[in-house]
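Visitor: With the sequence up front, the predicted model follows.
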Protein chains: 2
Amino acid sequence: MTKSEMAQTSRMLVAVALAGMVTAPAFAQTAEGPGGLVHDAEYYVLMAQNGESWAAEDADIQAKLAALREKHGTPPNLIHIMWDDTAYGDLGMPGIQAVRGLDTPNINALAQEGMMFTRMYTEVGCTPSRAAAITGRLAVRSGMYNIGMLQESHGLNAEEVTLAEVLSDAGYATAFFGKWHLGDIEQSYPHNQGFDEALFTGYNQILSLNTREAEQGNASIGLFEDMLPENPYKLDDTFITKDWVMAAEGTKGGETLQWRDNTTESYEAMDDEGFKRMFAFIEANAKEGKPFFVASCPNMANFMPIRPKCTRARALLQNGLQCTIDPFIAELRAKLDELGIAENTLIVAMADNGPMSHNPPPGTGFAETIFRGGKGDFLEGGVRVPAFAVWPSVIKPGSLPNDMIHITDLFTTFASLGGAIGNIPTDRVIDGVDQTALLPNGDTAGRRDYTFTYAGPTLGAVVKGDYKRHMISPDPIGEASGIPAAFYFLPSDPREVQPMLTNLIHLKRPFNRMVLRHNLWKEKYPDRPETHGIPWTGIANASEALKREQNPQLILKDLPFDPLEYIDHLDELPFDPNADPSIGQ
Amino acid sequence: MTKSEMAQTSRMLVAVALAGMVTAPAFAQTAEGPGGLVHDAEYYVLMAQNGESWAAEDADIQAKLAALREKHGTPPNLIHIMWDDTAYGDLGMPGIQAVRGLDTPNINALAQEGMMFTRMYTEVGCTPSRAAAITGRLAVRSGMYNIGMLQESHGLNAEEVTLAEVLSDAGYATAFFGKWHLGDIEQSYPHNQGFDEALFTGYNQILSLNTREAEQGNASIGLFEDMLPENPYKLDDTFITKDWVMAAEGTKGGETLQWRDNTTESYEAMDDEGFKRMFAFIEANAKEGKPFFVASCPNMANFMPIRPKCTRARALLQNGLQCTIDPFIAELRAKLDELGIAENTLIVAMADNGPMSHNPPPGTGFAETIFRGGKGDFLEGGVRVPAFAVWPSVIKPGSLPNDMIHITDLFTTFASLGGAIGNIPTDRVIDGVDQTALLPNGDTAGRRDYTFTYAGPTLGAVVKGDYKRHMISPDPIGEASGIPAAFYFLPSDPREVQPMLTNLIHLKRPFNRMVLRHNLWKEKYPDRPETHGIPWTGIANASEALKREQNPQLILKDLPFDPLEYIDHLDELPFDPNADPSIGQ
């Protein structure tokens, strides 16, 4: 077979794989499905089997939500809170908190008074999880699978359509506060991606080590060359980054400003400033009667050990959860009560991925709890996180659904609740499915039984119900006997250490079919390559050092090549999820 | 220094180590402490610092218990339920049960309506945990650290004083039902160890594979030689065991009978028979107004896959917990309610050790949940188990103490509640401490901050509060980087994978001191060697094959040595907890 014949065969396989679907009644309304959304192939298989009963269920739910909308005069307010790196089990379960040495009564109250998800799946790291939440698409589709580090020169493409854009178009006020981590290029800034206002960081909490104080304490080494004795062997003054933006702020259509400076003091002040602005934003919109969407991602932790040890765990993560997130949740809920909008407000609060379980520094408190693996792994420990929802008028107290839900589902569900499904673009795959039914109806009302988990640009694992298949080996990251392409039954082996071949070999064809359909659908709707650019352009109050950093050609003007050309090729570096430590951040 | 000088120095060190204690007021009443009990050395250190406040607390509690005793006319009934091999977290936490695919509403209700212990420590395996519970002593002290397997020729020494004896002497009726696993020698049978009546097994659930059905299914290989083709090379007819007792029954002072036969059908019938007898025993004593103590250890599981898969986990362990233990708990509590004695009855229900996490057969559902390691390990996963207590008049609903409690404490606490402390012998160390205060007063009312965990006869690990020291390496059993004599801080590293040397090296002297005191105290109160004998003597209805098995000399009469002499030397075999698979059962 020639290459072109192979391609043709491949296209025929797409047709075959999807045959029978396009004529099935449940999604015959449009080319690809109801509401005009383009789903991933697997979802059409579910719709073909469940579409009719879901439609009947939806009619009841929509009537109930319409009554609520009528009562309050607006669709529900939507709040998404996301913090970092927490193991499933560490929140909402006092019997585990006793083990881990922390106590978060206000987060735990979310489970008692609302819903605790037992199978909330994220992406494997901060940037991809954030991209998935805000676009409703697997990060690999938006080219956002790489974890942004200092001067990454990479970010969310302007053509991606965010939840902020979708909800803005439906009349929502929108705001972002905290760890954005979706890029340091101008088009990626949150107020350039649909948010009315934003105070944000482009990277993660390692910013707390990109300080002069950290250089002094050896927590960062060699970043501040002016603090070191002069190096008489130094020949290149462009290698080490000279300046960057720790935090920035902006408004939709307005200018972008660096917020304060890159000091420990500024880093420490950021969360409180974000909370203050968030409460002011909520209050202003509540008083105006305007529905709002807020995404709040507190930094929570400072890697410089300057904070008091406020937990029995004596550790960075637990301190952040108990002493930053927990009181914030309490204050937020009190604010909603005070403004009389609690009943019409959905809060979803969750971690972005599993704990940093690989070689965590002492004193951080990162550890596996139930699942094997952590941040950076496609093992359950990397992607199955604590997650909660409260919505007093809709969610029954103590709901504990064991249905699968994926972080992309928040995009679609929030859009649905905001009456904004029609604003979602139909020229691309939206992985998120509308999980509205899960909120009022709880356990067994979920509409997903699968996930595709990518390790960088590579498909790492696939879950279907209680079955999981590793597509590549999770080791040597992990500690046990991962066999590539092994099959696991998660309830009896939640740590994925007992790969089964003979007992589960009947799963080979079902998983093959599922993955091939997923891949074939990408031929029609291809992944977006990474988007690159010069970091931190468009900052109105940029320092002279930052401007110089952006224009190295001024001092390298005689090179025989374009000194910035490399930026367009950043995604051509080898990417081994097991070898690249950046996947672990 | 000569050996005798060393011994003298060693004795002087005992005196030095204990100096300052014997004159402290809290335990000046007798030579070794209040109530005449001989505690382990570490407890005297705690008493010296807490004795006065404990005494004041005890006065209040005893007044309350006296009022209860007056109301009901008897001290409380005491029920100890213990099943096998369950990871902390798998019971009492619906958010974990969703992950593990089981649902035990009645066990979980024990946590809601009573107390869930978050730090209940056991021994590393079935036999030592049972020995510790029934004697109040670490298994190494009673020579019961070995796990009994078919025809082990070993058991609990008659000179050990059990909780049944202690409570019998205080007027309690006593009964044992289920997996005794404390020996197959006559002196070890439960009705020869103080129980008024018993239906019991001498070994563990591997008995379910010591059947003709298992031989046929290759689950046991070569145990039933009569099922195999004749082996023309066989020269020795005494090597393979010919007969044994799967289950026996007896009454105090009465005869011992084999119960039914060694078939799958009999194995399957045993738990129901035990439950039936237990309820009859409870009812009879309740009607007589006599306080009772029952120990119930359901077998729960059959390794032959003959039972329906009744859980989403589809696995032996979860099936046993959900479909045997959970309804049993419900039925028991209903019976106590029906008899009007629930308010005066303490139930403690728990696992005997962690899951069989090392190479479990597929379909068993054994897996680590929170902690690393399982049965056979001195890691937290081996010895920190789910445990619950209900006592409606005393324990506050939803109590969640994070205090340490050890399985030996049940002995002392039950004796205390039964007014039987005075019956505990004072010529030996009793490791169990009286944790009565923990029941009414809950979190922070515990009286233990340490454990010594033995791996067979060797001290494996020591815990003091949140600190743990490994005395030997847990690997290669485990999967990670155990360094001998490493120090761990459990809240931030519950899986014991981040040994810390520099950060925790200040713990070296405190742990050394603690271990040396523990060892020195053994010079005064030495461990009992193992007790050996011919298995299953004294069975009134013994089969001819069993009798022949007990008298191999009849066919070996011309040997130049005593063919039974080896029995006295069984404990001289090398014992490597990492190499001997029997530690894992």
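Guide: Noted; the coordinates are in hand.
Visitor: ok, whichever residue of the stretch 1-150 of chain A sits closest to chain B - contacts?
Guide: The nearest approach of the stretch 1-150 of chain A to chain B comes at residue A:101, 3.1 Å away (CB to the nearest CB). For the C-beta atoms, the positions are set from N, CA and C on the backbone; glycine is no exception. Going by CB atoms under 8 Å, 6 or more residues apart in numbering or on different chains, residue A:101 touches A:311, A:312, A:313, A:314, A:315, A:318, A:365, B:466, B:491, B:492.
Visitor: Just these: which are in helices?
Guide: residue A:318 (DSSP state H).
Visitor: Columns pLDDT and neighbour count on top of the contacts of residue A:101, output as CSV?
Guide: Output for those, formatted as CSV (pLDDT from 0 to 100; neighbours: other CB atoms under 10 Å in any protein chain shown):
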residue, pLDDT, neighbour count
A:311, 96, 24
A:312, 96, 18
A:313, 95, 29
A:314, 94, 16
A:315, 94, 26
A:318, 97, 28
A:365, 92, 28
B:466, 96, 18
B:491, 94, 21
B:492, 90, 26
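Visitor: Can you list which of the contacts of residue A:101 are found in strands?
Guide: Using DSSP state E, no member of those falls in strands.
Visitor: Helices of the stretch 1-150 of chain A, start to end?
Guide: With DSSP state H, counting those that start in this stretch as the criterion, the stretch 1-150 of chain A has helices at A:3-18, A:41-72, A:94-100, A:105-113, A:126-135, A:139-142.
Visitor: returning to that earlier point: relative to residue B:465, how far out is the residue of the stretch 1-150 of chain A closest to chain B?
Guide: For residue A:101, the distance to residue B:465 equals 11 Å [CB to CB, to the nearest Å].
Visitor: again with residue A:160
Guide: 51 Å.
Visitor: Give me the more crowded residue out of these two.
Guide: Neighbours per residue, other CB atoms under 10 Å in any protein chain shown: of residue A:160 and residue B:465, the larger number sits with residue A:160, 26 against 10.
Visitor: tell me the SS of the more buried one?
Guide: Following DSSP: H, G, I helix; E, B strand; the rest coil, residue A:160 is assigned to coil.
Visitor: center of chain A, which residue is that?
Guide: Centroid check for chain A by CA atoms, centre = their mean gives residue A:129 as the closest residue, at 2.0 Å.
Visitor: Turn the contacts of residue A:101 into CSV, including distance to residue B:68.
Guide: Shown next, in CSV, are these (distance: CB to CB, whole Å):
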residue, distance to residue B:68
A:311, 38
A:312, 34
A:313, 38
A:314, 40
A:315, 42
A:318, 40
A:365, 43
B:466, 34
B:491, 36
B:492, 41
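Visitor: mind pulling up the phi and psi values for the most far-flung residue of chain A relative to its centre?
Guide: Distance from the centre of chain A peaks at residue A:232, with 44.6 Å (CA atoms, centre = their mean). Here is the backbone geometry of residue A:232 (degrees, to the nearest 10): phi -70, psi -10.
Visitor: any idea whether residue A:331 is helix, strand or coil?
Guide: Look at residue A:331: counting by three-state DSSP, its state is helix.
Visitor: Surely it and residue A:275 touch.
Guide: Yes - Residue A:331 lies in contact with residue A:275 (CB atoms under 8 Å); the separation is 7.2 Å.
Visitor: quick one: contacts for the closest residue to residue A:413 other than its chain neighbours?
Guide: Distances taken as CB to CB, 6 or more residues apart in numbering or on different chains put residue A:435 closest to residue A:413, at 4.7 Å, once the chain neighbours are dropped. By CB under 8 Å, 6+ apart, the contact set of residue A:435 is A:405, A:409, A:412, A:413, A:446, A:447, A:448.
Visitor: related to what we said a few turns ago, closest to residue B:459 out of the contacts of residue A:101?
Guide: residue B:466 (19.6 Å; CB to CB).
Visitor: Number of residues surrounding the closest residue to that closest one other than its chain neighbours?
Guide: Nearest residue to residue B:466, sequence neighbours excluded (CB to CB, 6+ apart): residue B:490, at 5.0 Å. Residues lying near residue B:490 (other CB under 10 Å) number 21.
Visitor: isn't residue B:490 right up against residue B:461?
Guide: No - using CB under 8 Å, residue B:490 is not in contact with residue B:461, being 11.0 Å away.
Visitor: quick one: common contacting residues for these two?
Guide: By CB under 8 Å, 6+ apart, the residues touching both residue B:490 and residue B:461 are residue B:468.
Visitor: So the residue nearest to residue A:563 when sequence neighbours are not counted: helix, strand or coil?
Guide: Sequence neighbours aside, residue A:556 is the residue nearest to residue A:563 in space, at 4.6 Å (criterion: CB to CB, 6+ apart). What three-state DSSP gives for residue A:556 is coil.
Visitor: cool, residue A:386 as well?
Guide: Taking three-state DSSP, the label given to residue A:386 is strand.
Visitor: which residues touch it?
Guide: Going by CB under 8 Å, 6+ apart, residue A:386 touches A:86, A:87, A:88, A:89, A:90, A:91, A:92, A:116, A:120, A:350, A:351.
Visitor: could you pick out which of those residues are near chain B?
Guide: Counting by CB under 8 Å from any CB of the partner chain, the subset of the contacts of residue A:386 that neighbours chain B consists of A:88, A:89, A:92, A:116.
Visitor: Let's have these in TSV, adding pLDDT.
Guide: Listed next are those as TSV, based on pLDDT from 0 to 100:
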residue	pLDDT
A:88	98
A:89	98
A:92	98
A:116	98
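Visitor: top of those by neighbour count?
Guide: In these, the most neighbours by other CB under 10 Å go to residue A:88, 30 neighbours.
Visitor: got the buried residues for stretch A:274-290?
Guide: A:274, A:275, A:277, A:278, A:279, A:281, A:282, A:285, A:286 (16 or more other CB atoms under 10 Å in any protein chain shown).
Visitor: Tell me, what's the model's pLDDT at the second one?
Guide: Turning to residue A:275, the model gives it a pLDDT of 98.
Visitor: Quick check: it touching residue A:330?
Guide: No - counting by CB under 8 Å, residue A:275 does not reach residue A:330; the two are 11.5 Å apart.
Visitor: Just give the number of residues close to residue A:191.
Guide: When neighbours are counted by other CB under 10 Å, residue A:191 registers 24.
Visitor: swap in residue A:72?
Guide: With other CB under 10 Å as criterion, residue A:72 counts 18.
Visitor: Repeat that for the one 5 residues further on.
Guide: The local packing count at residue A:77 equals 27, with neighbours defined by other CB under 10 Å.
Visitor: show me the contacts for it.
Guide: Counting by CB under 8 Å, 6+ apart, residue A:77 touches A:282, A:285, A:286, A:291, A:292, A:293, A:341, A:344, A:345, A:346.
Visitor: quick one: contacts for the last one?
Guide: Shown in contact with residue A:346 (CB under 8 Å, 6+ apart): A:76, A:77, A:78, A:79, A:389, A:390, A:391, A:394, A:414, A:417, A:439.
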